[in-house]
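Asks: Okay, sequence plus prediction incoming.
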Amino acid sequence: MIQSDALKLAVTTRYAEVAEGTATCGSLCGCTENAESLALAFGYSAEELARLPEGANLGLSCGNPQALADLKPGEVVLDLGSGAGFDILIAARKVGPLGRAIGVDMTDAMLAKARANAASLGLAHVEFRKGEIESLPVDDSSIDVVISNCVLNLVPDKDRAFREIHRVLKSGGRLAISDMAWAVEPDQAVRSDLEAIVGCIGGALVLDDFMARLRSAGFASIAVETHAEAALAMVAISGTTPPPGVEHLLSVNITAIK
């Protein structure tokens, strides 16, 4: 089993390379060569993409939490693993200047890129905080909506992360995430492969386990959409060697209520 500290170092290193443009397109996540086509395939509009600064979309999506979140003007939205600001900058326009948009990321290079992107758009109600999802730098019961896009699979302690998400949400607050999952437990070789974990596959939960852990953290009204074809398309686009059991890999959209 790969230790938590080693995993976090590997994730930080890889995603710093993605932010700096030095990562190769050989991982399921971070394939900037196909970033726009991937985002369009997940339902982001051409208008949304056109309004983003160059370099905000790094091809890190495995779904579209924007389509799930039903963001409203004046709400406070938190993006977990906000990267270069792709989702949170789109969300910021939806909550408007009377709302707040907060991104949390643990990679300095991503935070620097995101802050520069927000500044270039003149979005004063957006902020980015350095932190880990297992210990969010966010007050209790202060968030209306938590979004995340292909990040929770990277977190070593998922139960702690789910409890943290529950803690920061207001009563009745919404969780809207897109992520990877498995229909059945994958081959052990996938679980122990650091490249597969950093590439958003090795650390993905089995879907039934995912749902059970959310319920254990206190979430209710959990709903899920599964997209096996999207997962297979992501593997094809990335150019990676398909993992053992790839036919059981899923792209999932999940919503829940505190």
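Replies: It's in.
Asks: Please count neighbours and contacts with C-alpha atoms only from this point.
Replies: OK.
Asks: tell me the contacts of the residue nearest to residue 220 when sequence neighbours are not counted?
Replies: Residue nearest to residue 220 in three dimensions, not counting chain neighbours: residue 257, with 5.3 Å by Cα to Cα, 6 or more residues apart in numbering. Neighbouring residues of residue 257 by Cα atoms under 8 Å, 6 or more residues apart in numbering: 172-175, 219-222.
Asks: quick one: low-confidence ranges for the chain?
Replies: Along the chain, segments meeting pLDDT under 70 span 1-2, 24-33, 237-240.
Asks: The same query, at a cut-off of 50, please.
Replies: Judged against pLDDT under 50, the chain has no low-scoring part.
Asks: Most remote residue from the middle of this protein, which is it?
Replies: In terms of distance from the mean C-alpha position of the chain, residue 98 ranks first, at 24.6 Å (Cα atoms, centre = their mean).
Asks: Please state the offset of the helix or strand containing residue 166 from the chain centre?
Replies: Assessed by DSSP states H and E, residue 166 sits inside helix 158-168. Helix 158-168 sits 15 Å away from the centroid of its parent chain (Cα atoms, centre = their mean, to the nearest Å).
Asks: which SSE is residue 17 in?
Replies: Going by DSSP H and E, residue 17 is in helix 4-20.
Asks: What residues sit buried inside whatever helix or strand comes next after that helix?
Replies: As assigned by DSSP H and E, the chain's next helix or strand after helix 4-20 is helix 35-41. By 16 or more other Cα atoms under 10 Å, the buried positions in helix 35-41 come out as 35-36, 38-39.
Asks: repeat for stretch 250-258
Replies: Buried positions in stretch 250-258, judged by neighbour count with 16+ other Cα under 10 Å: 250-258.
Asks: Now list the buried members of the contacts of residue 257.
Replies: 173-175, 219, 222.
Asks: now, among those, which is nearest to residue 104?
Replies: residue 175 (15.2 Å; Cα to Cα).
Asks: Just confirm that closest one is within a strand.
Replies: Yes - Residue 175 forms part of a strand when assessed by DSSP: H, G, I helix; E, B strand; the rest coil.
Asks: Next, format the buried residues of helix 35-41 as a markdown table and append distance to residue 129.
Replies: Converted to a markdown table, the buried residues of helix 35-41 look like this (distance: Cα to Cα, whole Å):
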| residue | distance to residue 129 |
| --- | --- |
| 35 | 24 |
| 36 | 26 |
| 38 | 27 |
| 39 | 25 |
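Asks: chain center to stretch 228-239, what's the gap?
Replies: That offset, for stretch 228-239, works out to 17 Å (Cα atoms, centre = their mean).
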